[in-house]
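**Q** sequence and predicted structure below; questions after.
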Amino acid sequence: MTELEIKAYAKVNLTLDIVKKREDNYHDINSVLHQVTLHDTILIRPSDKIIVQCKGVPEEGNLAYKAAYLLKRSFNIQAGAIIDIDKKIPIGGGLSGGSSDAASVLKALNELWELDLNVRDLMKLGSELGMDVPFSVIGGTGIASNRGDIIEKIDSPALNFVLVNPGMNISSKEAYQSLDLSKCGKAMSTEKMIKAIQTGNVTDIAKNLHNDFETAISERYAFVIDIKKDLKANGALNSVMSGSGATVYGIFETKEKAKQAYAELKHKYDFVCVAESVR
C-alpha cells in the first residue's frame, strides 16, 4: 500500500448537558453528537518515522501526531508514516477537528500497519487522547455520556446546516471555568433530542437544540448572540453554539434554504459553510 487518503469529519453538538464535575476534575456530560460533511483531508504515506505536517498546528501539539505515536508505542511498531493534514475545520472552534484528525489517523494506520484492530479497540485507544475521539472513530450520530467517551450510536434523519465561526477559538478550559454548574444539566435536552430524532421531524430536532456552555460564553462574547440572530433572520429553524465554541450553527429545512443563508452571511464572518449530515 503506497498511500491512504481519509476524510476527517467535523461534529456538532445537537445537545450538550453538563451534569456534574467529577472527582478527577473532568465533567460528566450527556450530549447528542452529529457528524457533518465539513472535513479535513488527511494523506498518509509509509515512512521510517512519524512526521505530521499541518499548517497552523505545531507537530508536538497535534492530536494526530499523538495518535500516531500512541498506536506505534502500544503495538511496538517499527514503521512510521508521513501524515499531511489539509485543515478546513476551524481550529479550536467546538467542532472536534483535532479529535477527528486523531481518530482518522488511528483508523488509517490500523490499516496501513495491518494491526487488525476493531472499532472498540480504536475507541479505547482514542479515549486516551481526548473525550471526542471515540465518537469520531465511529461517526454518524451518537449519544455521549460519562466524560463523553461512552458512545451509543443512533440513526438520525438527514439535516442541513450553516456553520459560522467569527475567526476566534475558545479553549475548553476557559469554557468550563466560565460555567455556573448550579445552572447546568437542568434542561434534560439530550433526552428530548433523542425523542425528536426518533420522530424524524426536523422542526422538533431544531426546537430542542441546547448547549449548557452557551449562556456563559455569550455573556463574555457577544458574537454568539449576533450569529444566532443572523442565522435565524436568514431562515434557520433554530441555532446554537457547538461544543465550547466559538462556532455557531443553524439547522435549515432544506439544502436550498441553507445555501441562501450562506450567500447572505459569507462576507460577514471569517468562516461560513454549508454542511449536511454524515450518516
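**A** Yes, it's here. Numbering: from 1, shown residues only.
**Q** mind checking the end-to-end distance for stretch 167-177?
**A** Taking CA to CA, to the nearest Å, stretch 167-177 runs 22 Å from one end to the other.
**Q** pull the residues that contact that stretch.
**A** 27, 90-94, 213, 216-217, 221, 243-246, 269-271 (CB atoms under 8 Å, 6 or more residues apart in numbering). In short, each C-beta sits where N, CA and C put it, glycine included.
**Q** now it: buried residues?
**A** 169, 170, 172, 175, 176 (16 or more other CB atoms under 10 Å).
**Q** stretch 25-39 too?
**A** So, applying 16+ other CB under 10 Å, buried residues of stretch 25-39: 27, 29, 30, 31, 32, 33, 34, 35, 36, 38, 39.
**Q** dump the residue contacts of residue 234.
**A** 162, 250, 260, 261, 264, 265.
**Q** let me know the closest of those residues to residue 202.
**A** Taking CB to CB as the measure, residue 202 lies nearest residue 250 of those, at 12.1 Å.
**Q** roughly how far apart are that closest one and residue 243?
**A** 16 Å (CB to CB, to the nearest Å).
**Q** of those two, who's got more company?
**A** Shown here are residue 250 and residue 243; by other CB atoms under 10 Å, residue 250 has more neighbours (27 against 23).
**Q** just say helix, strand or coil for that one.
**A** strand (DSSP: H, G, I helix; E, B strand; the rest coil).
**Q** any idea how far residue 124 is from it?
**A** Relative to residue 124, and taking CB to CB, residue 250 is found at 35 Å.
**Q** repeat that for residue 137.
**A** 9 Å.
**Q** more neighbours: which of the two?
**A** residue 137 (24 against 14).
**Q** just want the angle from the strand ranked longest in the chain to strand 248-252.
**A** Ranked by residue count, the top strand of the chain under DSSP state E comes out as strand 27-47. Strand 27-47 and strand 248-252 meet at an angle of 90 degrees, taking axes from the mean of the first three to the mean of the last three CA atoms, to 10 degrees as the criterion.
**Q** now strand 27-47, how far from the centre of its chain.
**A** 6 Å (CA atoms, centre = their mean, to the nearest Å).
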